[in-house]
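Chemist: Take a look and give me a structure for this.
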Amino acid sequence: MVRLGIEQLLAEPPAWMKNKKLGLLCNQASTDSVFRHSRDLIYSSFPGSLTCLFSPQHGFFCEKQDNMIESGHALDAVTGLPVFSLYGETREPSLEMFDHIDILLVDLIDVGTRVYTFMYTLAYCLQAAARFGKKVVVLDRPNPIGGELIEGNLVADEYRSFVGLYAIPMRYGLTLGELGRLFNTHFGIRADYDVIRMDGWQRQMSFGDTGLPWLFPSPNMPAEATALVYPGQVIWEGTNISEGRGTTLPFEIFGAPFIDYEKVGRRVSEKNLPGCILRPLVFQPTSNKWAGQDCKGFQLHVTDPHAFRPYRTSLTLLQAVSQLYPDEFKLKPPPYEYEYDKQPLDMILGSRSVRKAVMEGDDIEELEAGWQEDLQGFDEIRRSCFLY
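Modeler: All right, here's what the predicted structure looks like:
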């Protein structure tokens with residue numbers, strides 16, 4: 001079984017932690033392999049050292065359901081320590097927050113997809129640490145969709161945002177600790193940075209191979225299966241198609257009242273979509289898009305995680321739906337993650353040109369071929385950040 005960074009830290013505390021004031025960026029999913037929360041472990045193992053907590057998007061308890069629902073600062077009921085929200089009045093740590101600490105420990109579950117904001121909270125913490133002379137340490141965890149495959153276009157410069165701060169692909173094949181190295185070295189933050197590595201994790205592992213329990217890192221990431229489809233299915237957030245929010249299977253299911261799943265199924269049946277099965281269904285969201293209405297669509301079942309290409313699959317589906325229903329299909333209007341002018345779908349895709357090419361009917365595999373040179377360049381860079 002994989003031994004997590006938090007477990008490695010407790011087993012062999014590094015000398016640089018001695019007599020230092022510690023902060024911890026975490027949420028309710030930040031536990032060891034037997035469900036003991038990292039806050040409790042650090043608070044008891046290093047008496048008097050933990051001075052404050054920080055929380056990412058969705059709040060400390062992952063109670064905030066959707067995008068741009070902010071959390072305020074609070075007091076932790078267990079320890080009495082202040083909890084500074086990094087998804088509220090600011091997404092960047094202030095000097096007043098960092099005055100509480102010498103070292104920020106980061107123990108968050110990342111899901112291996114570019115638009116998941118936890119990684120950019122880490123980036124902002126690194127930037128603040130560089131400005132204020134603090135140290136950042138990631139307690140590493142597995143990338144739940146593996147560390148080998150990469151997929152998608154890089155973010156274009158004009159679409160940098162809180163869902164795409166750097167030129168990386170949709171699926172990047174790095175752990176959060178390795179991402180921190182990428183941000184800090186290649187993208188030039190230059191903070192005092194370290195990683196407490198896991199023991200036993202290998203790049204080809206699926207999450208099921210790790211022996212670890214799944215803990216949902218955000219409200220709509222309830223299962224490993226959700227993380228597998230998310231690098232593609234997240235694109236529906238930028239449209240009027242339900243991505244399954246308001247159901248028990250967010251991102252695994254998608255649809256809308258106007259869709260005929262037989263037509264969509266026929267349109268994509270000849271496409272090269274390995275490692276998955278599209279199962280027709282009807283569902284009724286209890287909240288969010290199309291709440292209380294019957295949505296016709298599909299459940300995306302991943303049958304071979306190593307062959308499955310989530311971005312290609314969902315772009316193919318987006319193309320089919322947008323072309324079959326040009327009058328009913330709509331792009332979601334701004335704002336999206338604090339961007340008030342650009343189209344949310346363009347922000348998610350990291351490119352207006354990709355969105356236009358998909359909706360105008362360009363062959364998806366030919367689009368992918370056009371990204372390969374950039375992907376190869378990124379692959380060389382990311383390999384320099386490997387820890388496993």
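Chemist: what's the closest non-adjacent residue to Y388?
Modeler: W201 (5.5 Å; C-beta to C-beta, 6 or more residues apart in numbering). For glycine as for every other residue, the C-beta is placed from the backbone atoms N, C-alpha and C.
Chemist: okay, now the domains of the chain?
Modeler: 5-220, 224-350 (automatic domain parsing).
Chemist: To E360, which of these lies closest?
Modeler: For E360, the closest of the domains of the chain is domain 224-350, at 8.9 Å, according to C-beta to C-beta.
Chemist: how long is that closest one end to end?
Modeler: From its first residue to its last, domain 224-350 covers 25 Å (C-alpha to C-alpha, to the nearest Å).
Chemist: pLDDT on that domain, on average?
Modeler: The pLDDT scores in domain 224-350 average 97.
Chemist: So the nearest residue to K271 once chain neighbours are set aside: helix, strand or coil?
Modeler: Spatial nearest neighbour of K271, excluding adjacent residues (C-beta to C-beta, 6+ apart): T316 at 5.1 Å. What DSSP: H, G, I helix; E, B strand; the rest coil gives for T316 is helix.
Chemist: Quick check: T316 vs Q323, distance?
Modeler: Distance of T316 to Q323, given as C-beta to C-beta, to the nearest Å: 11 Å.
Chemist: which one of these two has more residues nearby?
Modeler: When T316 and Q323 are compared for neighbours, T316 comes out ahead with 21 against 14, by other C-beta atoms under 10 Å.
Chemist: Does that one touch I364 like I think?
Modeler: Yes - at 5.2 Å, T316 counts as touching I364 under the criterion of C-beta atoms under 8 Å.
Chemist: what touches both of those two?
Modeler: K271 (C-beta atoms under 8 Å, 6 or more residues apart in numbering).
Chemist: Double-check L331 against W236; I have them as touching.
Modeler: No - here L331 does not reach W236: they are 11.1 Å apart, not a contact under C-beta under 8 Å.
Chemist: With adjacent residues omitted, what lies nearest to A167?
Modeler: Counting by C-beta to C-beta, 6+ apart, A167 lies nearest to L154, which is 4.4 Å off, once chain neighbours are set aside.
Chemist: For that neighbour, give me its contacts.
Modeler: A167, I168, P169, G350, W371, D374, L375, F378.
Chemist: R279 versus the most centrally placed residue in the chain, what's the distance?
Modeler: For the chain, the residue nearest the mean C-alpha position is Y116 (2.6 Å; C-alpha atoms, centre = their mean). In this view, Y116 and R279 are 26 Å apart by C-beta to C-beta.
Chemist: Same question for L176.
Modeler: Taking C-beta to C-beta, one finds L176 at 32 Å from R279.
Chemist: And the strands in the chain?
Modeler: Taking DSSP state E as the test, the strands found in the chain are 22-25, 50-55, 74-75, 82-85, 103-106, 135-139, 192-196, 253-256, 276-283, 295-302.
Chemist: Now render those as CSV, adding distance to T121.
Modeler: Below are the strands of the chain laid out as CSV (distance: least, C-beta to C-beta, whole Å):
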stretch, distance to T121
strand 22-25, 7
strand 50-55, 8
strand 74-75, 17
strand 82-85, 10
strand 103-106, 9
strand 135-139, 11
strand 192-196, 15
strand 253-256, 27
strand 276-283, 31
strand 295-302, 28
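Chemist: I'd like those strands laid out as CSV, including distance to A227 and mean neighbour count.
Modeler: Converted to CSV, these look like this (distance: least, C-beta to C-beta, whole Å; neighbours: other C-beta atoms under 10 Å):
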stretch, distance to A227, mean neighbour count
strand 22-25, 20, 25
strand 50-55, 21, 24
strand 74-75, 28, 13
strand 82-85, 24, 20
strand 103-106, 19, 25
strand 135-139, 19, 25
strand 192-196, 21, 19
strand 253-256, 15, 26
strand 276-283, 14, 16
strand 295-302, 10, 21
